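> would you be able to build a 3D model of this:
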Amino acid sequence: MKQVVERIGEGCVRVAEVPAPGPRPGRLLIASEASLISAGTERAILAAARESLLAKARRQPGKARRALGRLREDGVLATVEAVRRRFDRTLALGYCNVGRVVAIGAGVEGFAVGARVASNGPHAEVVSVPARLAAPVPEGVAPDAAAFTVLGAIALHGIRLAAPSLGECFAVSGLGLVGLLAVQLLRAQGCRVLGLDLVPERLALAERFGAETVDLATVGDPEAAALAFSRGRGLDGVIVATSGSDAAPLHQAAAMARRRGRIVLVGVAEIAFEREVLYRKELSFQVSCSYGPGRYDPAYEEAGHDYPPAYVRWTEQRNFEAVLDALAAGRIETAPLVSHRFAIARAEAAYAVVTGETPSLGVLIDYPKAAEAVAETRVAMAAARRPGGARIAVVGAGAYATRILMPALVEAGAEIAVVATPGGLSAAEAARRFAAGAATTDVAAAIAEPDIDAVVIASRHDSHAEWVCAALAAGKAVFCEKPLAIDRAGLARIEAACGGSSPLLMVGFNRRFAPLTRRIKALLEALGVPRMMVMTVNAGPLPAEHWTRDPAVGGGRLIGEGCHFIDLLMHLAGGPMTALGALPLGGPDGAGGRDGATVTLAFADGSLGTLHYAPNGHPGEPKERLRVFAGGRSLALTDFRRLEGRGWPGLGGRLRRPDKGNAACVAAFVAALREGGPPPIPMAEILAASRATLEAAEKATGG
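Numbers count the residues shown, from 1 in each chain. Prediction:
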């Protein structure tokens, strides 16, 4: 199918052929009929992509500081490569879509196949959206009008925050699409409206919708006009819907507002006020967040948990519904807002209009008939065949898969035959970058392909057990990026799938393959005495809503990442574990041991290992530090880059860049696949580390 995308590093728009998404739980599959380019937002995205690195650093100083920190930690080469990868990405454009439902995922209610819905889906022939981000289109509302639903919800949410009442005087600053929709919604609520803009055609539209206007190109200070409009009292509220980088619109809003007036920013402006004005007038200022309550809340949007109407009357979905009702009742007029329309195949020309000098407003994208638009879930790519190379299916194309695993597979001589992800764009882009033969959204079919030798699983943690079992059942070798499973039931299914045999099943416990780890292992084995090991991980904080902290999705950070270090300690101990204890890090959010914990391991030879997984350290500290004490000697490994020792004369070394063993881990798997040797990590050790991790998480969380 066709989808409109932007190459981040180039700032250019193109129409890509990508596999269509398939049905997924909690989601709707929609065949698009029309979508609307949100000129302000999408123009800003393209402009940001075209900025120089210096301009990006100035605009995002926080990210620039993190890059400098990485420079100090990882060195110049690694940092440059990371920045280059960051900009070699493709972004799906668009979020104002309308089409027909072609499939309904499990757990979704209130929708019917064949019904027309408005959603925040991208510019693509088929889109998959969470059910909470879609709303049925009433009879009589045409697709062209319904495509304005999402922008209308943005305007409506900002108006709700301003809390207008019948007869109040409001200004709308910035008469783009959102501003002109806000004018109509305020008029529908019985407000008198003053529109401000620089473009005569937009001022004329605002007047058509019942507003009085001020041409900012000829009136430098609109305060007098606002005072006259409000009968000398000042405006009750101002909706700022501009799209710029200066603070002038907010200064104007503060000047025009009455005492205790309300200012709501729904667009983009530098947030700066003169304190004296705010103080003297006791003004209220608020930034509006997108479509309304629920936005960016994964529990609402992805998991589908609604907010009770008694407590949150207007969620983003209910704002969609309200806009659609207003369209059906004729309170919002959209036909005058459409300036251009293009077929999806000519989307590049559409964006040339949006970003060019030609005057434009609402630019619509049209699609083939819904029945014709349900495209294939597999797209053939221009493959680079590798004679004799193992043929690999890669499931998942996130940052780790594309940054670490796929380059390592190619370097090891494997052929990536197919990339499978639920989102077709990510699969197609990964297939393009690594010369894969195909991209698909049908993971099960990719795993079952008869000419596939092995499956690399780098999908979300809660899917690992399912896809490992499917691959084993299909007779494939498996490389599973950690963790192997996020609960005991999943681990038990994998053990059963092995059926008592020893298939080539590998987990990405790469730290044991790091060159400095191998050196430590050899030294300890030669010493042959019990050892005391302390692994400290300065993991840093994650947002409370991050998916890895969700026990049902990511398993929690101890399972998701802590398993690396539990495996490392068990590997260096060199003997069976006899006891395990874990204590959680307390915290006000109740995350406890899912986010930070101390784990202790005891081994049969008397060795001890301790893991301190800390989310609350200073970012300037090393991230990963291992200390080993044995036989009157000690070792210190810092960030898998520097090794120091006491009691070993001449021991010490520093690598040019950190090496956590990622490439060596993948190469060992490919070599075993090609040569038919034993698994690089014995199955017993994989299962032991996985069980120990689950036990540690249970003890740390009281589970």
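
> the closest residue to residue 515 other than its chain neighbours in helix, strand or coil?
Among residues not flanking residue 515 along the chain, residue 659 sits closest, at 5.7 Å (C-beta to C-beta, 6 or more residues apart in numbering). Glycine gets a C-beta too; all of them are placed from N, C-alpha and C. When classified by DSSP: H, G, I helix; E, B strand; the rest coil, residue 659 comes out as coil.

> so how far is residue 680 from residue 659?
17 Å (C-beta to C-beta, to the nearest Å).

> repeat that for residue 608.
For residue 608, the distance to residue 680 equals 26 Å [C-beta to C-beta].

> more neighbours, those two?
Taking other C-beta atoms under 10 Å, residue 608 and residue 680 do not tie; residue 680 has more neighbours (20 against 17).

> in the stretch 151-300 of the chain, which spans are strands?
169-173, 192-197, 212-215, 235-240, 257-265, 284-287 (DSSP state E, counting those that start in this stretch).

> can you give the strand pairings for the third one, parallel or anti for each?
Paired neighbours of strand 212-215 in the sheet (DSSP bridges): strand 192-197 (parallel).

> what angle sits between the strand it pairs with and strand 235-240?
Relative orientation of strand 192-197 and strand 235-240, computed by axes from the mean of the first three to the mean of the last three C-alpha atoms, to 10 degrees: 40 degrees.

> which residues touch strand 192-197?
Outside strand 192-197, the residues within contact range by C-beta atoms under 8 Å, 6 or more residues apart in numbering are 167-175, 179, 183, 186-187, 202-203, 206-207, 210-216, 222, 225-226, 229, 235, 252.

> count of neighbours near residue 522?
Neighbours of residue 522 using other C-beta under 10 Å come to 10.

> tell me which element it is part of?
helix 515-527 (DSSP states H and E).

> now for that helix, which elements pack on it?
helix 563-573, strand 624-630, strand 633-638, strand 642-646 (3 or more C-beta pairs under 8 Å, 6 or more residues apart in numbering; DSSP states H and E).

> most packed of the ones you listed?
The highest mean neighbour count among these, using mean count of other C-beta atoms under 10 Å, belongs to helix 563-573: a mean of 24.

> got the contact list for it?
For helix 563-573, the external contacting residues (C-beta under 8 Å, 6+ apart) are 482-483, 507, 509-512, 517, 520-521, 524, 531, 533, 535, 537, 577, 599, 601, 603, 605, 607, 609, 611, 613, 624, 626, 628, 685, 688-690, 692-693, 696.

> now do it: distance to the chain's middle.
Taking the mean of its C-alpha atoms, helix 563-573 sits 30 Å from the chain's own mean (C-alpha atoms, centre = their mean, to the nearest Å).

> wait, doesn't residue 273 sit right on residue 281?
No. Here residue 273 does not reach residue 281: they are 10.5 Å apart, not a contact under C-beta atoms under 8 Å.

> domain ranges for the chain, per the record?
2-146+334-367, 151-287, 378-507, 510-658+678-701 (automatic domain parsing).

> out of these, which is closest to residue 294?
domain 2-146+334-367 (6.4 Å; C-beta to C-beta).

> circling back to that earlier point, among the domains of the chain, which gets the worst mean confidence?
Out of the domains of the chain, domain 2-146+334-367 stands lowest, with a mean of 84 (criterion: mean pLDDT).

> report how many residues lie close to residue 451.
Residue 451: 9 neighbours (other C-beta under 10 Å).

> can you list the helices and strands packed on helix 515-527 in a markdown table and add distance to residue 471?
Output for those, formatted as a markdown table (distance: least, C-beta to C-beta, whole Å):
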| stretch | distance to residue 471 |
| --- | --- |
| helix 563-573 | 20 |
| strand 624-630 | 30 |
| strand 633-638 | 34 |
| strand 642-646 | 37 |
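
> in which helix or strand would I find residue 392?
Going by DSSP H and E, residue 392 is in strand 391-395.

> how far does that strand sit from the chain's center?
When C-alpha coordinates are averaged (C-alpha atoms, centre = their mean), strand 391-395 and its chain have centres 23 Å apart.

> using PDB, write out every CA atom in that strand.
The C-alpha trace of strand 391-395 is given here as PDB (Å, rounded to 0.1, in the frame of the first residue of the first chain):
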ATOM      1  CA  ARG A 391      18.500 -16.700   5.900                       C
ATOM      2  CA  ILE A 392      17.000 -14.800   8.800                       C
ATOM      3  CA  ALA A 393      13.600 -13.500   9.600                       C
ATOM      4  CA  VAL A 394      13.700 -10.600  12.000                       C
ATOM      5  CA  VAL A 395      10.600  -9.900  14.100                       C
END
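
> quick one: list the elements packing against that strand.
Short answer (3+ C-beta pairs under 8 Å, 6+ apart): strand 391-395 packs on helix 406-411, strand 415-420, helix 443-448, strand 454-457.

> between whichever helix or strand comes after the shortest one and strand 391-395, how many degrees?
I take that to be strand 454-457. Note on strand 454-457: by DSSP H and E, the next helix or strand toward the C-terminus is helix 464-473. Using the same axes, to 10 degrees, the inter-axis angle of helix 464-473 relative to strand 391-395 is 160 degrees.
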